[in-house]
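Colleague: coordinates only, sequence not included:
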Ligand SMILES: [Fe+2]
């Protein structure tokens with residue numbers, strides 16, 4: 001049994017003796033709605049739609065917790081939702097096990113989209129963030145503006161910036177458990193994931209470890225990736241090994257930025273420490289460089 005209570009602030013555990021890595025909810029905690037992502041659902045959005053892999057690929061417990069706070073100034077309420085997602089170790093063909101991925105829809109027409117904050121409860125996660133000029137465009141037409149690879153260890157918090165699509169990837173040989181806090185009004189957009197078969201770089205397993213292989217369906221891709229890691233941002237409530245729940249309960253007004261990112265008092269980028277900017281050729285082995293040219 002993997003105890004998640006210290007990391008999450010809620011009485012959660014994962015039964016790692018079971019193939020479905022079932023989450024145990026103690027103390028009367030509501031399990032939310034369990035959605036499993038089947039391999040059949042995921043395959044059209046993979047680099048290799050025929051890839052073998054774990055089935056179900058991962059388990060999503062949506063709405064495990066929620067929190068509401070009134071805005072004393074504007075007579076409205078802020079609502080936040082807490083979800084838990086559990087990943088087995090494994091591969092999807094050459095790719096490491098990952099999510100289908102999604103963008104968030106704009107808050108209103110012409111505005112940015114909602115941000116989201118993940119906390120890594122167990123294992124270590126790789127998040128790939130991708131900003132594009134049109135979330136609905138075909139990969140041959142879309143322009144990728146920025147790509148960030150965020151490596152996050154247990155206890156750290158990973159900021160999904162507004163307007164960035166995101167994928168969660170388990171490059172380890174252990175289960176991965178993440179949770180997320182998000183504005184309850186946020187809607188996800190999945191429709192372009194099958195068109196593009198994932199982000200513009202796939203994270204694949206080569207003999208010498210994870211590498212980044214260009215997704216040949218995309219045409220306009222930035223030449224560099226940003227490699228980053230989470231950075232404590234106390235003004236945003238993001239502190240390593242401090243469950244977000246504790247901060248949300250103590251300082252709910254601080255967390256309005258999840259619902260109103262334009263009103264944030266500090267730049268959300270401050271939660272991300274840039275380590276280096278690299279070209280895929282530097283990261284990938286010879287096989288990957290060959291694949292990167294186009295197929
Ligand atoms: Fe999201």
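Modeller: The structure has been received and is ready for your questions. Nothing here was measured: the structure is a model prediction, and the numbers come from that model. Numbering: from 1, shown residues only.

Colleague: what comes up buried for stretch 20-33?
Modeller: Under the neighbour-count criterion of 16 or more other Cβ atoms under 10 Å, stretch 20-33 has 21, 22, 23, 25, 32 buried. All C-beta spots, glycine's among them, are computed from the backbone N, C-alpha and C.

Colleague: how about stretch 212-228?
Modeller: Here stretch 212-228 shows 212-218, 221-222, 225-228 as buried, counting by 16+ other Cβ under 10 Å.

Colleague: ok, stretch 181-198 next?
Modeller: Buried residues in stretch 181-198, counted by 16+ other Cβ under 10 Å: 181, 182, 183, 184, 186, 192, 193, 194, 196, 197, 198.

Colleague: out of the residues you listed, list just those in strands.
Modeller: Those of those mapping onto strands are 181, 182, 183, per DSSP state E.

Colleague: show me the beta-bridge partners of the first one.
Modeller: So the one you mean is residue 181. residue 82, residue 117 (DSSP bridges).

Colleague: that one is in contact with residue 244, isn't it?
Modeller: Yes: assessed by Cβ atoms under 8 Å, residue 181 is found in contact with residue 244 at 5.4 Å.

Colleague: okay, and the common contacts of these two?
Modeller: Contact with both residue 181 and residue 244 is made by residues 117, 119, according to Cβ atoms under 8 Å, 6 or more residues apart in numbering.

Colleague: and the end-to-end length of stretch 248-260?
Modeller: Stretch 248-260 has an end-to-end distance of 15 Å (Cα to Cα, to the nearest Å).

Colleague: and that stretch, what's buried?
Modeller: Under 16+ other Cβ under 10 Å, the buried positions of stretch 248-260 are 248, 252, 254, 255, 256, 257, 258, 259.

Colleague: what sits up against it?
Modeller: 67, 69, 71, 78-80, 114-117, 181-183, 185, 235-237, 247, 263-265, 268.

Colleague: just the buried subset of those residues, please.
Modeller: Using 16+ other Cβ under 10 Å as the burial test, those include 67, 69, 78, 80, 114-117, 181-183, 236-237, 247, 264, 268 as buried.

Colleague: among these, which one lies nearest to residue 157?
Modeller: residue 117 (5.6 Å; Cβ to Cβ).

Colleague: show the pLDDT at residue 206.
Modeller: We have a pLDDT of 84 for residue 206.

Colleague: which strand residues bridge it?
Modeller: residue 209.

Colleague: near residue 73, how many residues? Count them for me, please.
Modeller: 7 (other Cβ atoms under 10 Å).
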